[in-house]
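Colleague: structure, please.
(one chain, ligands or ions: 2)
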Amino acid sequence: DLKGFAFDLDGVIADTARFHGQAWHQLADKVGTKWTPELADSLKGVSRMDSLELILKAGGHENDYTQEEKEALATEKNDNYIKLVETLTPADILPGMKDFLDELKANNYHIVLASASKNAPKVLKYLQITDYFEGIVDPAKLTHGKPDPEIYSEAAKLMNLPADQVAGLEDAQAGIESINRAGELSIGFGAELKDANVKFANTADVSLAAIKTQLD
Ligand code: B16
Ligand code: MG
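Modeller: Residues are numbered from 1 along each chain as shown. Ligands and ions are numbered 1, 2, ... in the order given. Predicted coordinates for the structure are as follows:
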């Protein structure tokens, strides 16, 4: 039986994937990499430095910058991203997610955050939902990012639950793979997540009953 839920943040709780995209697009223009929907998609759930490497590689620029310059580029992207995050309000919580958090809380489920983003605490603060989470996996302490299972395994540990009592919610292929490899139940939002155990077209469709229906 499920006892805990681990939430991805960007693209699941708030549409910050759009903000990450905007800030990375700016950076791609700066380094001269053509911005495409495929490139944008490949960055979802991927850490800041790994995302930068993917953008540099896509334009053949991986050897054009020193480590120091790369760190400066990543900082510039993050500064632009934070400016966008500071405009968030509770109205930016994706449809249905506040109700779902309330439903989980009312039914005494454990709730933690499993986001690759170092800005996650800030985003939760602006959305005013920090208090729903009994823990936040610290991405700075992880050896491997999504699709490695480490982040979702850590989420289960934070809740003191075995993997088979945990579900993870994700909008990105790298995240679904991470949940599946951690041995947890994967819940995916978006049509293209073929490996998710439970699938919803929109965040508004999720509820305990709707999950149960797909599992029966
Ligand atoms: P930061 P998630 C991920 O968050 C984003 O999807 C990804 O686009 C971003 O690069 C990554 O966090 C790192 O974010 O630069 O803020 O540390 O989807 O795992 O919640
Ligand atoms: Mg995400």
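
Colleague: buried residues in the helix or strand hosting Lys57, which are they?
Modeller: Taking DSSP states H and E as the definition, one finds Lys57 inside helix 48-58. Within helix 48-58, the residues scored as buried using 16 or more other CB atoms under 10 Å are Arg48, Ser51, Leu52, Leu54, Ile55, Leu56, Ala58. Using the backbone N, CA and C atoms, a C-beta is placed for each residue, glycine as well.

Colleague: how about stretch 208-216?
Modeller: Neighbour-count burial for stretch 208-216, counted by 16+ other CB under 10 Å, picks out Ile211.

Colleague: so what touches that stretch?
Modeller: Contact with stretch 208-216 is made by Leu2, Glu103, Leu104, Asn107, Ala167, Ile187, Asn197, Val198, Lys199, Phe200, as judged by CB atoms under 8 Å, 6 or more residues apart in numbering.

Colleague: tell me where the chain has strands.
Modeller: When assigned using DSSP state E, the strands of the chain occupy the ranges 4-7, 110-113, 135-136, 166-170, 185-189, 198-200.

Colleague: want to throw the ones you listed into TSV with mean neighbour count?
Modeller: Output for these, formatted as TSV (neighbours: other CB atoms under 10 Å):
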stretch	mean neighbour count
strand 4-7	26
strand 110-113	22
strand 135-136	17
strand 166-170	27
strand 185-189	24
strand 198-200	19
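
Colleague: of all these, which lies closest to ligand 2?
Modeller: The closest of the strands of the chain to ligand 2 is strand 166-170. By CB to the ion, the value is 6.1 Å.
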